[in-house]
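K.L.:
Have a look; sequence and predicted model below, questions after that.
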Amino acid sequence: MSKIALIRLVAVALILTGVFMAGRVVYTLNHQAAHDSDQDKAWQQFMGAAQGQAPGASPSPAESPAVVGAEIPSGLYLKMTLPKLGRDAVAVNGDWDSLRTSSTVHYKTSPAPGQKGNMLIAFHREPKWLDINLEAGDTVRIDALDRKTYMYKVDFVKIVSVRDISHLKATTGTDLTLITCDPPWQDYNRMVVRAHLVPSV
């Protein structure tokens, strides 16, 4: 084989590899978008059914989220909205492995919305949150299975090493910690958003 033929063969191989990888990324993003859309529809149906129930049919505020959660499919647990960005996401209740199939996850051993401690929500940065630019004073809205809305105010946003888990530990406040990758499409660091519960207006 001549040198030119070898160069052409390598070039074709590189192009095909690039096309395959790009196709895989597009497929993954489309699959994730469809999954997110299905979760959002399931959440809307759940909330719509709750609003349409007869008086007294909705669960008592004292009921645990686990009991109320039996009414909603697919392990959906809460809806997170970032008003500053005008975007939201529905989270499942799971662990870090759940991020393989869901783009947003409430860590199941952390507190429920509104409860004391450090509620953890992890999410994929791509494609919905590429331009996330929260800062201290911004708000995070959490709609929960108890059909209540909880508002959290951002205290700080930090970029930390993947080995830094200090912000994931329990707290004595009523806190929320959001975790995602930084920079987008990479996994070198983590973006950590810490917020605290504020009274409803």
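P.N.:
Received the coordinates, thanks.
K.L.:
for T81, what are its contacts?
P.N.:
For T81, the contacting residues are R87, D88, V140, R141, I142, D143, by CB atoms under 8 Å, 6 or more residues apart in numbering. C-beta coordinates here come from the backbone N, C-alpha and C atoms, glycine included.
K.L.:
In this protein, which strand is the longest?
P.N.:
In the chain, taking DSSP state E as the definition, the longest strand is strand 149-161.
K.L.:
Quick one: name whatever helix or strand follows the helix or strand of the chain with the lowest mean pLDDT.
P.N.:
When the helices and strands of the chain are scored by mean pLDDT, DSSP states H and E, helix 65-68 comes last with a mean of 41. Where DSSP states H and E defines the elements, the next helix or strand beyond helix 65-68 is strand 76-82.
K.L.:
Show me what L78 is bridged to.
P.N.:
Counting by DSSP bridges, L78 forms beta bridges with A91, A144.
K.L.:
Near it, how many other residues are there?
P.N.:
24 (other CB atoms under 10 Å).
K.L.:
Settle this for me: it is touching L145, isn't it.
P.N.:
Yes: assessed by CB atoms under 8 Å, L78 is found in contact with L145 at 7.0 Å.
K.L.:
that older thread, what is the helix or strand just after the longest strand of the chain packed up against?
P.N.:
Next helix or strand after strand 149-161 toward the C-terminus (DSSP H and E): strand 174-182. Packing partners of strand 174-182 (3 or more CB pairs under 8 Å, 6 or more residues apart in numbering; DSSP states H and E): strand 117-123, strand 139-144, strand 149-161, strand 189-198.
K.L.:
Looking at those strands, which is nearest to L82?
P.N.:
Closest approach to L82 among those is made by strand 139-144 (6.1 Å; CB to CB).
K.L.:
contact partners of the closest one?
P.N.:
With contact meaning CB under 8 Å, 6+ apart, strand 139-144 is reached by 47, 65, 77-84, 88, 112-114, 119, 134, 149-154, 176, 178, 193, 195, 198.
K.L.:
Out of those, which end up buried?
P.N.:
Neighbour counting with 16 or more other CB atoms under 10 Å marks 65, 77-82, 88, 112-114, 119, 134, 150-152, 154, 176, 178, 193, 195 as buried within these.
K.L.:
what sits against the nearest residue to T174 once chain neighbours are set aside?
P.N.:
Closest residue in space to T174, ignoring its immediate chain neighbours: L197 at 4.0 Å, by CB to CB, 6 or more residues apart in numbering. L197 is in contact with G114, Y150, M151, Y152, G173, T174, D175, L176, counting by CB under 8 Å, 6+ apart.
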